[in-house]
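# I would like to see how this sequence folds:
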Amino acid sequence: MGRKSTKENKNIYQISREEMKFSREAAAEKLGFISSDRIEKIENERSLPHPEEVLAMADCYKNPSLCNYFCSHECPIGMEYVPEIKVKDLSQITLEMLATINKLTKTKERLIEITVDGELTEDEIPDFLYIKDELEKMSIAIDSLNLWLDHMIASGKIDKKLLGENE
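Below you'll find the predicted structure:
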């Protein structure tokens with residue numbers, strides 16, 4: 001087993017590997033196609049990981065959040081279009097979803113009024129932007145729910161087969 005890192009500002013990839021108690025060599029062996037030297041370069045931020053490496057590390061380290069982190073922080077396209085999703089408790093996700101549903105229920109008639117003619121007028125823009133923001137909150141809550149589920153599957157707390165999903 002390799003020596004334990006004393007580096008202070010570890011990135012998410014190193015933290016995830018160390019949480020599994022893998023040395024770089026052990027991680028490289030389990031990953032199969034990523035060398036320990038490559039892992040070291042990624043962890044010391046001398047090289048960005050490739051998407052297929054992130055997918056493999058997320059699976060190997062049982063940390064699905066690595067994928068969202070990569071997309072929202074390191075991928076040029078994702079940085080523009082993918083919001084960062086935080087890991088939250090199921091109860092917090094549920095409450096956020098319900099709060100958003102309540103707000104959207106109250107504004108659905110206004111959305112219909114705004115969109116019925118297929119045009120967005122200057123006086124409709126503030127209400128439309130408010131509704132759009134609430135829909136974005138719902139989208140993030142749904143993404144949080146999916147990430148929570150991915151974590152439950154990765155940790156073995158939920159059997160993926162029970163969900164009817166393919167392995």
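# what's the closest non-adjacent residue to the spatially most central residue of the chain?
In the chain, the centroid-proximal residue (Cα atoms, centre = their mean) is Asn68; its distance is 3.2 Å. Leaving aside its chain neighbours, Asn68 sits nearest to Ile85 (4.8 Å; criterion: Cβ to Cβ, 6 or more residues apart in numbering). Using the backbone N, CA and C atoms, a C-beta is placed for each residue, glycine as well.
# thinking again about what came up before, may I ask which helix or strand encompasses the residue nearest to the centre of the chain?
In the assignment (DSSP states H and E), Asn68 maps to helix 65-73.
# packing partners of that helix?
Helix 65-73 is packed against helix 12-19, helix 51-60, helix 76-81, helix 125-154, with contacts defined by 3 or more Cβ pairs under 8 Å, 6 or more residues apart in numbering; DSSP states H and E.
# re the thing from before, which secondary structure element contains the residue nearest to Asn68?
In the assignment (DSSP H and E), Ile85 maps to no helix and no strand.
# pretty sure it contacts Ile142?
No - counting by Cβ atoms under 8 Å, Ile85 does not reach Ile142; the two are 9.8 Å apart.
# out of those two, which sits in the more crowded spot?
Ile85 (22 against 14; other Cβ atoms under 10 Å).
# now do the contacts for that one.
Applying Cβ atoms under 8 Å, 6 or more residues apart in numbering to Ile85 gives the contacts 65, 68, 72, 140, 143-144, 147.
# try it again with 6 Å
The neighbourhood of Ile85, defined by Cβ atoms under 6 Å, 6 or more residues apart in numbering, consists of 68, 143-144, 147.
# and Pro83, by the same measure?
Contacts of Pro83 (Cβ under 6 Å, 6+ apart): Ile140.
# for it, which three-state class applies?
Following DSSP: H, G, I helix; E, B strand; the rest coil, the label given to Pro83 is coil.
# kindly report the same for Asn9.
Following three-state DSSP, we place Asn9 in the coil state.
# and it, how far from Lys157?
Plainly put, Asn9 is 30 Å away from Lys157 if you go by Cβ to Cβ, to the nearest Å.
# for Leu111, same thing?
Leu111 is 38 Å from Lys157, by Cβ to Cβ.
# can you check Phe33 too?
Phe33 is 28 Å from Lys157, by Cβ to Cβ.
# relative orientation of the host helix or strand of Leu104 and helix 125-154 in degrees?
In this assignment (DSSP H and E), Leu104 forms part of helix 90-115. For helix 90-115 against helix 125-154, the angle between stretch directions is 150 degrees (axes from the mean of the first three to the mean of the last three Cα atoms, to 10 degrees).
# thanks again, I'm all set now.
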